[in-house]
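*Asks:* pasting the sequence and the predicted coordinates here, then a few questions.
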Amino acid sequence: MSDSPQVSSIATGTTTQSAAERFGVIERPTLEWTPQVAEETADLYEKVKDHIPKMEWPVYAPYVAAINRLKKERNAVILAHNYQTPEIYHCVADIVGDSLQLAKEATKVDAEIIIQCGVHFMAETSKLLNPHKTVLIPDMKAGCSLAESITGADVRLLRERYPGVPVVTYVNTSAEVKAETDICCTSSNAVQVVESFGVDKVLCIPDEYLAQNVAAQTKVKILTWKGHCEVHERFTAEELLAYKEADPEIEIVAHPECPREVVEIADYTGSTSGMINYVKDRKPPKVLLVTECSMASNISSEVPEVNFVKPCNLCPHMKRITLPKILDSLCEMKEEILVDPAIADRARLAVERMVNLKH
């Protein structure tokens with residue numbers, strides 16, 4: 001895995017101002033636990049009190065207050081993926097959701113700056129759909145094992161090997177990879193996208209398990225790539241069956257990036273947003289979310305009647321995003337996501353084809 005994702009220049013051979021030059025740098029505010037900070041953050045603490053001890057809140061609260069003040073001054077919006085920690089998800093985020101949901105929602109807000117609290121490919125997707133906005137990620141090293149499992153050159157080789165076969169690419173990929181594809185898909189619409197071509201064979205890349213789970217729901221022959229999410233690939237059927245045996249009342253809700261044998265055991269399989277909606281709608285007494293474990297913490301406050309059993313598989317890349325790094329990003333206008341226009345135009349087309357697909 002590379003130490004940090006590559007960022008393309010905005011245009012080869014040209015000089016552009018950095019985000020810091022365009023917006024200016026602001027000195028980091030003094031971070032103190034004061035009565036004013038306590039008052040400003042009291043309602044927010046109620047949302048995270050089950051996850052952050054009261055004695056620790058004075059450490060978090062000054063960051064929360066400073067970030068919320070500064071994002072208004074900057075005309076910035078903070079997007080947080082469902083896997084972010086509770087103090088980010090509940091206390092500073094303006095929009096929460098899955099990766100594509102975040103990018104689409106960002107196009108609807110009146111903000112010059114997008115702070116992407118997620119991983120690198122998510123920030124790139126936000127930039128693709130919001131080309132005229134400044135997109136920042138608090139840590140450029142927040143990568144993704146799945147996105148890094150394939151390159152644009154790999155896709156070109158696949159096209160040579162399977163001439164004429166449509167290429168469907170998961171949104172959990174780099175802009176470079178999206179630029180080489182016919183259309184993107186999400187975990188929730190992959191079957192629809194695959195079947196939209198009306199052909200008998202489709203490449204569905206790079207997530208092997210997502211492709212296998214799609215293949216089980218369609219007559220289209222699915223050609224796969226051996227890319228995996230390092231969080232979801234760790235779940236096993238044996239592990240889930242042990243939970244079921246210990247407590248038959250547990251409902252298992254899984255993400256389709258999990259291995260096929262895991263999905264076969266689950267009571268429901270869907271995207272992170274689909275999983276959240278399932279729990280909120282059904283309110284099962286006990287539920288096991290087979291995904292990154294921060295998501296259970298984030299939604300538990302909204303469904304207090306549900307008891308969450310948490311097999312804790314953390315995403316180390318998501319956890320690179322922290323309150324101090326978000327504050328630094330706002331103060332110093334870093335790290336900026338830039339995509340070469342030649343790549344961006346083609347990648348955007350693949351995403352827009354998916355977005356415009358009739359449901």
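*Replies:* That came through fine. Because the structure is predicted, anything quoted here is derived from the model rather than measured.
*Asks:* okay, now the unreliable bits of the protein?
*Replies:* Across the chain, the ranges flagged by pLDDT under 70 are 1-15, 311, 358-359.
*Asks:* how's it carved up into domains?
*Replies:* In terms of domains, the chain is parsed into 19-145+318-335, 156-229, 232-309 (source: automatic domain parsing).
*Asks:* end-to-end on the shortest one?
*Replies:* From the first residue to the last, domain 156-229 extends over 22 Å; the measure is C-alpha to C-alpha, to the nearest Å.
*Asks:* now the helices for the stretch 201-350 of the chain?
*Replies:* Per DSSP state H, counting those that start in this stretch, the stretch 201-350 of the chain has helices spanning 208-215, 237-246, 260-265, 272-282, 294-300, 323-332, 341-355. These are given in chain order.
*Asks:* show me the strands in the stretch 1-150 of the chain, by range?
*Replies:* 76-81, 95-97, 113-117, 134-136 (DSSP state E, counting those that start in this stretch).
*Asks:* need the ones you listed in CSV with distance to Arg161 and mean neighbour count, can you?
*Replies:* C-beta coordinates here come from the backbone N, C-alpha and C atoms, glycine included. Shown next, in CSV, are those (distance: least, C-beta to C-beta, whole Å; neighbours: other C-beta atoms under 10 Å):
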stretch, distance to Arg161, mean neighbour count
strand 76-81, 34, 25
strand 95-97, 36, 20
strand 113-117, 34, 27
strand 134-136, 34, 24
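*Asks:* tell me which of those sits nearest to Lys334.
*Replies:* strand 134-136 (6.5 Å; C-beta to C-beta).
*Asks:* residues of the helix or strand following that closest one that come out buried?
*Replies:* Tracing the chain C-terminally past strand 134-136 and defining elements by DSSP states H and E, one meets helix 152-161 next. Residues 152, 154-155, 158-159 are the ones in helix 152-161 that count as buried (16 or more other C-beta atoms under 10 Å).
*Asks:* cool, and stretch 256-274?
*Replies:* So, applying 16+ other C-beta under 10 Å, buried residues of stretch 256-274: 256-259, 262-263, 265-266, 268-274.
*Asks:* for stretch 138-154, same thing?
*Replies:* For stretch 138-154, by 16+ other C-beta under 10 Å, it's 138-140, 142-150, 152, 154.
*Asks:* okay, those in JSON lines with distance to Glu302 next?
*Replies:* Below are the buried residues of stretch 138-154 laid out as JSON lines (distance: C-beta to C-beta, whole Å):
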{"residue": "Pro138", "distance to Glu302": "25"}
{"residue": "Asp139", "distance to Glu302": "27"}
{"residue": "Met140", "distance to Glu302": "32"}
{"residue": "Ala142", "distance to Glu302": "26"}
{"residue": "Gly143", "distance to Glu302": "30"}
{"residue": "Cys144", "distance to Glu302": "27"}
{"residue": "Ser145", "distance to Glu302": "29"}
{"residue": "Leu146", "distance to Glu302": "28"}
{"residue": "Ala147", "distance to Glu302": "29"}
{"residue": "Glu148", "distance to Glu302": "33"}
{"residue": "Ser149", "distance to Glu302": "33"}
{"residue": "Ile150", "distance to Glu302": "35"}
{"residue": "Gly152", "distance to Glu302": "40"}
{"residue": "Asp154", "distance to Glu302": "40"}
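*Asks:* no further queries at this time; thank you.
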